[in-house]
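Novice: quick one, structure for this:
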Amino acid sequence: MSDASAALPLEPHEGLATVAVTGEFHAALLVSQPLHATILRTALPAVASSLLMTLFFSVDTYWIGTRVGSDGLAAASTSLFWIWMVVSVAEMVSVGLTAVAARRHGEGKAEEASCISGDAFLLALALGAIIAAIGIPVLPGLFSLMDTPSAVTALGVSYLKTYLAGAPLIFGFFAVDSAFRAAGDTRTPFLLLTITVGVTLLLDPALIMGWWGLPALGMKGAAIATLATRSVACVLGVYLLWKRKLMRFRRPDPGVLAAICRVGLPTAVTGVFFSLIYVALTRTTTRFGTPALAALGIGHRVESWLFMIGVGFSAAVAAIVGQNLGAGRADRARRAGWIAVGWCSMFGLVACALELLIPERFASLFTHDPAVIAESARYLRIASIAQLGVCAEIVLEGALGGAGYTLPPMITSSSLTALRVPVAAWAARFGSVGIWWTISLTALGRALAMVALWKSDRWAVRKV
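Specialist: From the prediction side, this is the model:
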């Protein structure tokens with residue numbers, strides 16, 4: 001930590017100095033300031049960052065749905081499940097880095113934390129390159145597993161091939177974001193994304209439709225715009241982390257890499273498993289035609305607004321839990337989880353009400369097809385009940401990850417998610433609504449499971 005940190009105000013609690021983050025970000029007093037204020041100060045920039053990405057993806061979906069058509073919308077929807085799988089591997093590094101580096105920050109070992117961040121970034125780049133090398137050649141086979149129509153498959157392959165080509169920098173951005181977050185800085189990633197998303201919101205339709213003399217690339221243009229957002233933020237983020245001494249590069253420490261993977265692997269497995277479950281669900285949904293496939297994608301886009309608010313609170317509480325456990329404040333970490341759930345659930349109530357009252361308006365933002373709008377409205381009305389529990393699931397899963405307690409959540413969440421395949425296959429006899437009810441009720445089950453795990457307090461003694 002730089003000498004400037006000595007001039008920052010510190011509020012020791014029980015003899016433990018708090019962590020001060022230097023540079024443009026103010027002191028991150030995650031282990032001493034009042035919890036409500038600390039959570040909101042840390043969470044709101046993270047929430048804003050998540051919503052910026054959601055805004056971009058929603059606008060991206062709008063241009064695809066209204067310009068490429070329902071086949072393009074279905075292609076983006078089905079591609080999303082494979083993207084989730086890719087992102088799940090990146091989250092292994094993200095979750096592991098947050099837990100390990102935040103614990104070191106809480107222990108007052110800032111230099112060690114910066115080296116851990118550097119090791120994690122190099123690991124992320126390597127994993128991204130491996131995923132791209134493996135994934136690109138097998139793309140046609142991935143869509144054949146979902147039994148998608150040929151037109152949807154062609155568009156989906158074009159989209160995912162471009163996306164995977166940029167996987168190393170996408171993975172790198174996850175490490176960059178987590179390095180800032182572990183130090184208590186959620187504002188800098190927000191500023192980075194504000195700039196890059198602002199530019200790519202213009203770039204997206206320009207590349208899809210060929211504005212300003214640019215080539216009309218359709219689905220491929222949408223993927224390029226997505227890559228631009230994450231890639232530029234990644235490069236700028238690494239520079240700022242290095243400048244603020246929050247990331248240092250060395251020969252990677254195998255012990256550190258093993259610790260990151262050990263903590264993050266269960267979360268990655270959960271995400272990969274979740275994606276595979278949706279691939280299986282897609283095969284069932286395909287029986288009801290392109291409108292149902294498109295509705296599944298629109299439903300996820302609408303739900304993603306609340307989901308990403310939860311991700312923002314999750315990111316904040318993960319850092320708070322990790323640092324407070326490092327500082328010996330398990331009691332404070334425990335209360336942080338419950339308080340974050342309370343704040344986030346206020347948004348869940350609003351989302352539930354809106355999805356019940358005006359689902360057609362949400363659906364019409366992404367398509368003009370009456371059949372898709374009608375099916376999407378059915379999905380959203382049924383899914384509205386799940387919005388009451390989504391925040392508890394996401395926030396507490398993040399809190400458990402911040403504690404390094406990731407295996408029990410993986411087993412619990414994966415088991416409940418796996419039920420969707422046989423239950424949806426049976427419920428499909430009632431039409432597409434049977435599938436939508438299966439998704440909604442199992443989501444509520446996962447939320448209740450995370451509440452039980454957090455209440456158990458077994459995470460409080462986890463060592464990382």
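Novice: I'd assumed Ala99 was in contact with Val464.
Specialist: Yes. The pair Val464 / Ala99 is scored as a contact, 5.3 Å apart, by Cβ atoms under 8 Å. For the C-beta atoms, the positions are set from N, CA and C on the backbone; glycine is no exception.
Novice: before we move on, what SS does Leu246 have?
Specialist: coil (DSSP: H, G, I helix; E, B strand; the rest coil).
Novice: what residues are up against it?
Specialist: Residues in contact with Leu246 (Cβ atoms under 8 Å, 6 or more residues apart in numbering) are Val21, Ala113, Ser114, Ser117, Ala179, Phe180, Ala183, Asp185.
Novice: now Arg462
Specialist: Contacts of Arg462 (Cβ under 8 Å, 6+ apart): Leu325, Ala403, Gly404, Tyr405.
Novice: change it to 6 Å
Specialist: By Cβ atoms under 6 Å, 6 or more residues apart in numbering, Arg462 lies in contact with Ala403, Gly404, Tyr405.
Novice: the last one: how many residues sit nearby?
Specialist: Residues near Tyr405, counting by other Cβ atoms under 10 Å, number 24.
Novice: can you tell me which of the contacts of Arg462 are in helices?
Specialist: Among the contacts of Arg462, DSSP state H puts none in helices.
Novice: how near is Thr290 to Leu296?
Specialist: Taking Cβ to Cβ, to the nearest Å as the measure, Thr290 falls 11 Å from Leu296.
Novice: helix/strand/coil for the spatially most central residue of the chain?
Specialist: Residue closest to the mean C-alpha point of the chain, counted by Cα atoms, centre = their mean, is Val311 at 6.1 Å. Under three-state DSSP, the three-state class of Val311 is helix.
Novice: now do the same for it: its pLDDT.
Specialist: Looking at Val311, its pLDDT reads 84.
Novice: check the contact between it and Leu51; I expect there is one.
Specialist: No. Counting by Cβ atoms under 6 Å, Val311 stays clear of Leu51, with 9.4 Å between them.
Novice: pull the residues that contact the strand or helix carrying Ile208.
Specialist: Using DSSP states H and E, Ile208 sits in helix 187-209. Residues from elsewhere that reach helix 187-209 (Cβ under 6 Å, 6+ apart): 25, 45, 48-49, 52, 56, 59-60, 63, 67, 177, 180, 212, 214, 216-217, 221-222, 224-225, 228-229, 232-233, 236-237.
Novice: give me the buried subset of these.
Specialist: Among these, those scoring as buried are 25, 45, 48-49, 52, 56, 59-60, 63, 177, 180, 217, 221-222, 224-225, 228-229, 232-233, 236-237 (criterion: 16 or more other Cβ atoms under 10 Å).
Novice: who does the helix or strand bottoming out on mean pLDDT in the chain touch, helix- and strand-wise?
Specialist: The weakest-scoring helix or strand in the chain, judged by mean pLDDT, DSSP states H and E, is helix 35-63 (a mean of 81). Judged by 3 or more Cβ pairs under 6 Å, 6 or more residues apart in numbering; DSSP states H and E, helix 35-63 is in contact with helix 187-209, helix 290-326, helix 330-357.
Novice: give the buried residues for the first one.
Specialist: When burial is assessed from 16+ other Cβ under 10 Å, helix 187-209 yields the following buried residues: 187-193, 196-197, 200-201, 203-208.
Novice: out of the contacts of Leu246, flag the one nearest to Leu169.
Specialist: Relative to Leu169, the closest of these is Ala179; by Cβ to Cβ it sits at 15.0 Å.
Novice: could you check how far Ser164 is from Ile83?
Specialist: Actually, residue 164 is Leu. It isn't Ser. Taking Cβ to Cβ, one finds Leu164 at 9 Å from Ile83.
Novice: hmm, I was thinking of Leu349
Specialist: For Leu349, the distance to Ile83 (Cβ to Cβ) stands at 29 Å.
Novice: tell me which of those two has more neighbours.
Specialist: Ile83 (18 against 12).
Novice: please name the nearest non-neighbouring residue to the more buried one.
Specialist: Tyr163 (6.6 Å; Cβ to Cβ, 6 or more residues apart in numbering).
Novice: you'd agree the one you found is up against Ile224?
Specialist: No. Using Cβ under 6 Å as the test, Tyr163 is too far from Ile224 to be in contact (8.9 Å).
Novice: just the CA atoms of stretch 171-188, as PDB, please.
Specialist: The C-alpha trace of stretch 171-188 is given here as PDB (Å, rounded to 0.1, in the frame of the first residue of the first chain):
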ATOM      1  CA  PHE A 171     -12.500 -13.600 -18.800                       C
ATOM      2  CA  GLY A 172      -9.900 -11.000 -18.100                       C
ATOM      3  CA  PHE A 173     -12.600  -8.400 -17.300                       C
ATOM      4  CA  PHE A 174     -14.100 -10.700 -14.700                       C
ATOM      5  CA  ALA A 175     -10.700 -10.900 -12.900                       C
ATOM      6  CA  VAL A 176     -10.400  -7.100 -13.200                       C
ATOM      7  CA  ASP A 177     -13.800  -6.500 -11.700                       C
ATOM      8  CA  SER A 178     -13.100  -8.900  -8.800                       C
ATOM      9  CA  ALA A 179      -9.800  -7.300  -8.100                       C
ATOM     10  CA  PHE A 180     -11.400  -3.900  -7.600                       C
ATOM     11  CA  ARG A 181     -14.300  -5.500  -5.600                       C
ATOM     12  CA  ALA A 182     -12.100  -7.400  -3.300                       C
ATOM     13  CA  ALA A 183     -10.400  -4.100  -2.300                       C
ATOM     14  CA  GLY A 184     -13.700  -2.500  -1.700                       C
ATOM     15  CA  ASP A 185     -13.800  -0.400  -4.900                       C
ATOM     16  CA  THR A 186     -17.000  -0.900  -6.900                       C
ATOM     17  CA  ARG A 187     -17.000   2.600  -8.200                       C
ATOM     18  CA  THR A 188     -14.100   2.300 -10.700                       C
END
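Novice: number of residues surrounding the residue lying closest to Gly322 once chain neighbours are set aside?
Specialist: Using Cβ to Cβ, 6+ apart and skipping residues adjacent in sequence, the residue nearest Gly322 is Ala102, 2.9 Å away. The burial count assigned to Ala102 is 32, neighbours taken as other Cβ under 10 Å.
Novice: do the same with Ser364
Specialist: When neighbours are counted by other Cβ under 10 Å, Ser364 comes out with 17.
Novice: now the one 10 residues further on
Specialist: Here the neighbour count serves as a burial measure; for Ala374 (other Cβ under 10 Å) it reads 14.
Novice: how is it assigned, secondary-structure-wise?
Specialist: Here Ala374 is helix, with the state taken from three-state DSSP.
Novice: shaky segments in this protein?
Specialist: Scanning the chain for pLDDT under 70 picks out the ranges 1-32.
Novice: summarise which helices and strands the helix or strand where Val272 lies is packed against.
Specialist: In this assignment (DSSP H and E), Val272 forms part of helix 254-285. For helix 254-285, the packing partners by 3+ Cβ pairs under 6 Å, 6+ apart come out as helix 70-106, helix 110-135, helix 139-146, helix 290-326, helix 407-418, helix 420-427.
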